[in-house]
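A.B. asks: I'll drop the sequence and a predicted model, then ask my questions.
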Amino acid sequence: MAANLWRTFSATIWIITLVSSSRTRIYPPNEVTLLDTRTVPGELKWAASPSEGGWEEVSIMDEKNIPIRTYQVCNVLEPNQNNWLRTDWIPRSGAQRVYVEVKFTLRDCNSLPGVTGTCKETFNLYYHESNEDRESYIKESSFIKVDTVAADESFTQVDVGDRIMKLNTEVRDVKVTTRKGFYLAFQDVGACIALVSVRVFYKTCPLTIRNLATFPDTVTGADTSSLVEVRGSCVNQSEEREEPKMYCGADGEWLVPIGGCLCNPGYEEKGGACKACPAGFYKAKSSDAGCTKCPPHSHSLREGATVCDCHSGFFRADTDPPSMACTQPPSAPQQLISVVNETSVVLEWAPPRRLGGRSDTSYSVECLICQTSSHSQLCLPCGSDVLFSPSQTGLKATRVVVSELRAHTHYTFIVHARNGVSQASGAGAAQSVSVSITTNQAAPSPVTSIQATDVTRHSLSLLWQQPDRPNGVILEYEVKFYEKDQRERSYRIMRTFSRSVDVTGLNPLTVYVFHVRARTAAGYGEFSAPFEFSTNSDPFPLIGEGVNSAFLLLSVSGVGILLLISAAVFIISRRRSKYSKTKQDSEEEKHLNPGVKIYVDPFTYEDPDQAIHEFAKEIDVSSIHIEKVIGMGEFGEVCSGRLRVQGKREIYVAIKSLKAGYSDKQRRDFLSEASIMGQFDHPNIIRLEGVVTRCKPLMIITEYMENGSLDAFLRKHDGQFTVIQLVGMLRGIASGMKYLSDMSYVHRDLAARNILVNSNLVCKVSDFGLSRVLEDDPEAAYTTRATGTYLSPGGKIPIRWTAPEAIAYRKFTTASDVWSYGIVMWEVVSYGERPYWDMNNQDVIKAIEEGYRLPAPMDCPVVLHQLMLDCWERERADRPTFSQILNMLDKLIRNPGTLRRTGGDSHSVCVSVVPEVCVSEWSVCEWLQSIGLERYRDTLAAAGYTSLDSLLALTHQEMDRLGIITPSHQDILIASVQQEMLSQMQHMQCSMVPV
Ligand code: AMP
């Protein structure tokens, strides 16, 4: 019955095969077929159970006449059917989930007459995993059911005669992961069914390129929901940007791409691959950008360029990006100019004409020190001590200041222009410009170290090195020192040729600060930094613990002897000068007293204008009203006028102006007087009101002194003042001079002509043109001995007013000012007489050297003349100080009786003395003593000259005969005796001003 039925259906099945595919089949790309019954040549010979009467293999022909294998069963009339058909062993080939696509036809039971109750319309699908193809029979229990498969709704309908046949396609999937392969089985339970084809396949995600990464063909996961993570690999000429990853889904689709790759330098992405840049283009970095055209002045000849090569003559700096155009080095700097200032030079230049297409031009300055001989010039690099500001290399600005050069030296400076490609281009001298200069004279550099070589209680011996840069021949060194405690309020200065000096007269156990500076023809250099040294404490430092008694005895006796000697020296010196001890003390005081204002030499200022503005007030010229010319000064007219400063009452002033056509030096000298005057503030010093420097003519404005200069004033009022009035004038001058000496100011030109007198007869010291700081210079003996009226070098010296040591070796000190003060006293008391009358300067110098001193002027109180003589002590240390002079004058003013005795008196009062007594009582001996020529006492006495009037007969010839041959002594004797007699005659007439 089954066979009949089968035969009945077979033609139908053949017809069905016409619509199916041929053996060469095309599958979807993500499916890998493990079994397809339509592509198997020959019989399938699958196992069937029962082997007879169940599933039967039937060959039929497809539309191309190719036989295909089918299995059919149709036992619909018999109940309890259990017919198994099992495939051959199918290796799974790495698949984890396989798909079974079954195409079948199924007769619906209704279409079969008489089969009701036994006919079925489904079959069951089973699988069984196994490693080997061993099983020849079907062991039903080892199979696991996949599904019961029924005919689908969507089957294909084929009209076969009066029936409609339906080709069903059903797909089931099974996880197969435990063995290498598996079997499939079909169980029929009573249906009329034909398995037209069975295809078994698994799914893959096919090879793909995503974000320049290749992802391989990947078998999908075991579960329907599983994702397989896959790492991609970068395509050729690319590199990972970020790890490329994707997921392979169960249906064979790639999902969620992550990361990716970038084309290498020289390559760009095209169609998912990296292609080389064409010629003329480049790509410098791995990026997703495309290739770029070569920048200006560059090219690329080959494909795949990562950078373009510069055209010939163009360059690229290491730091230049490949996208930057190729550039050139700059041309030379232009218009190099130099301005030399002593040992510095300012170099300035203009930028190069061509900058080479860059903006990083910088400059460097090469310094060469050059020596020129008659044939050639030898230049060597400058030393490292030359300073360049802001720097020597890498200059961005077109200016540099070169300093610390040697004085008077030839230099060549080469300014190089460079940019980022100078080195690459190998460019050197072509981009430079040079200038040669010669430095000026310059002051020496500071002394950098001072050593104390010998230290005692009162002295220090110092030694120092020549400055590093003497900048010329060092003419002398100046040593400035002061007690550390005093700071620079009070200091002393010494000068020396050598690099050492012995500083004496110091206090024991005292720290002193020393500064040394050198002087060349170009002037003084800077002072050194401070160096501190201390004097010793003990003159006999060996006396102390551990010294044996014999030594102690010797030491003690030595001390005793020393003390005796000191005492003797002390007494002798006291006898020689009643001033010296106190004078030294007061000088010490002056230098080392704290709080004493010290005069500042304006010549120490490099800029005279700075000094003037520090010490003098600038006056608006409109506030000055000039009235008349009152005198002639060294620099021009002196006028009187009025000054009205806002907020103050109008005052009378003297106006000194600087005549037109002055030199720089004259301007400096003219203003220096104001700079000096402006530092003083004392009732007996002429007061500076201010200066006019901002318009011409330059002016110095001082207080107006109605009576003009003292010498002219006295001459005009000869004999008209009381001695107290005269002493009052002298006191004022001494007070002014004390003030100046306290400030360490040495006047150098103290004379009655330089004293001004106001309407109240107040005398004020003026004329500060010859000023210098107080010097204590042991080396100054070399200074040229002065010989003229007002003598050089170093300025004119007013011989008649000047101390012998100042004339001989320019030793100007307060003590030499004291000498001058003595002369002023003489001028005052003699009402403006010219000191030493008509004697010439030479004779004056000689006479002083030989001990002659001006005699007391007529009616001069003895004490005053004695004070004059004290001022004219040969040893300057023996002269009184201004403070002592002031004390003395004050005493005299308080005790006018002491002024009564004059040189014309005997030893009593003047007024009542008869002439004869005067003459007889003023012995020749005393008189000779008073003029310093007592040496001729015996000679004159022996020759019968026993009275002053007898001396009136003395002639030059007579003196020659007597052996008084010194011409100056002859002059003095004749002049003094005449003066004395004149004075006495006047005295006889009792014209002496009553006191
Ligand atoms: P001098 O430039 O200081 O030598 O001054 C020249 C002259 O001008 C002096 O001799 C005085 O006659 C006169 N003289 C200078 N300054 C003043 C002043 N402040 N008051 C009055 N006359 C003065």
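C.D. replies: Good, I have the coordinates. Remember, it's a predicted structure, so these values are computed and weren't measured experimentally.
A.B. asks: Tell me the bridge partners for residue 454.
C.D. replies: residue 461 (DSSP bridges).
A.B. asks: Up against the ligand, what does the protein have?
C.D. replies: 630-634, 638, 654, 656, 686, 702-705, 708-709, 756, 766-767 (CB under 6 Å from any ligand atom). (Glycine included, C-beta is placed from N, CA and C.)
A.B. asks: Low-confidence ranges, this structure, go.
C.D. replies: 1-24, 62-63, 153-165, 427-430, 538-596, 770-796, 903-922, 982-995 (pLDDT under 70).
A.B. asks: If any of the residues of the chain next to the ligand are buried, give me the ChimeraX selection for them.
C.D. replies: Buried subset of these, written as a ChimeraX selection, criterion 16 or more other CB atoms under 10 Å:
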select :630,633,638,654,656,686,702,703,704,705,708,709,756,766,767
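A.B. asks: Filter the residues of the chain next to the ligand down to the ones in helices?
C.D. replies: If you go by DSSP state H, the residues of the chain next to the ligand have nothing in helices.
A.B. asks: taking the residues of the chain next to the ligand one by one, which sit in strands?
C.D. replies: 630, 631, 632, 638, 654, 656, 702, 703, 756 (DSSP state E).
A.B. asks: Please list all residues in contact with the fourth one.
C.D. replies: Neighbouring residues of residue 638 by CB atoms under 8 Å, 6 or more residues apart in numbering: 629, 630, 631, 632, 654, 655, 656.
A.B. asks: Which of the residues in the one helix or strand residue 886 maps to are classified as buried?
C.D. replies: According to DSSP states H and E, residue 886 maps onto helix 882-894. Under the neighbour-count criterion of 16+ other CB under 10 Å, helix 882-894 has 882, 883, 884, 885, 886, 888, 889, 892 buried.
A.B. asks: From the residues you listed, pick the one nearest the ligand.
C.D. replies: residue 882 (21.6 Å; CB to the nearest ligand atom).
A.B. asks: Pretty sure residue 738 is one of the things that closest one touches, is it not?
C.D. replies: Yes. Residue 882 is within contact range of residue 738, at 3.8 Å (criterion: CB atoms under 8 Å).
A.B. asks: Could you find the closest non-adjacent residue to whatever residue of the stretch 101-250 of the chain ends up closest to the ligand?
C.D. replies: Nearest to the ligand, among the residues of the stretch 101-250 of the chain, is residue 241, at 95.0 Å (CB to the nearest ligand atom). Nearest residue to residue 241, sequence neighbours excluded (CB to CB, 6 or more residues apart in numbering): residue 262, at 4.7 Å.
A.B. asks: Next, count neighbours for that neighbour.
C.D. replies: Neighbours of residue 262 under the rule other CB atoms under 10 Å: 21.
A.B. asks: Check which helices and strands whichever strand or helix holds it is in contact with.
C.D. replies: Using DSSP H and E, residue 262 sits within strand 254-263. Other helices and strands packing on strand 254-263, by 3 or more CB pairs under 8 Å, 6 or more residues apart in numbering; DSSP states H and E, are strand 208-210, strand 213-215, strand 238-248.
A.B. asks: Dump those to a markdown table, plus mean neighbour count.
C.D. replies: Converted to a markdown table, the helices and strands packed on strand 254-263 look like this (neighbours: other CB atoms under 10 Å):
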| stretch | mean neighbour count |
| --- | --- |
| strand 208-210 | 17 |
| strand 213-215 | 22 |
| strand 238-248 | 19 |
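A.B. asks: Which of those sits closest to residue 406?
C.D. replies: Closest approach to residue 406 among the helices and strands packed on strand 254-263 is made by strand 238-248 (62.6 Å; CB to CB).
A.B. asks: For the ligand, see how far away residue 617 is.
C.D. replies: In this structure, residue 617 and the ligand are 16 Å apart, going by CB to the nearest ligand atom, to the nearest Å.
A.B. asks: which non-adjacent residue is nearest that residue?
C.D. replies: Using CB to CB, 6+ apart, the nearest residue to residue 617 is residue 690, at 3.9 Å.
A.B. asks: How many neighbouring residues does residue 850 have?
C.D. replies: Neighbourhood size, residue 850 [other CB under 10 Å]: 14.
A.B. asks: Who are the contact partners of it?
C.D. replies: Counted by CB under 8 Å, 6+ apart, residue 850 has contacts 932, 966, 968, 969.
A.B. asks: now for the residues you listed, which pair is the farthest apart?
C.D. replies: Top of the distance list for the contacts of residue 850 (CB to CB): 932 and 966, 12.1 Å.
A.B. asks: Give me the more crowded residue out of these two.
C.D. replies: Ranked by neighbour count (other CB under 10 Å), residue 932 and residue 966 place residue 932 first, with 21 against 17.
A.B. asks: The more buried one contacts residue 849, correct?
C.D. replies: No. Look at residue 932 against residue 849 with CB under 8 Å: they stay out of range, at 10.7 Å.
A.B. asks: Which residues are in contact with the residue in the stretch 251-400 of the chain that the ligand sits nearest to?
C.D. replies: Using CB to the nearest ligand atom, the closest approach of the stretch 251-400 of the chain to the ligand is made by residue 342 at 34.1 Å. Residue 342 makes contacts with 407, 439, 440, 441, 442, 443, 522, as judged by CB under 8 Å, 6+ apart.
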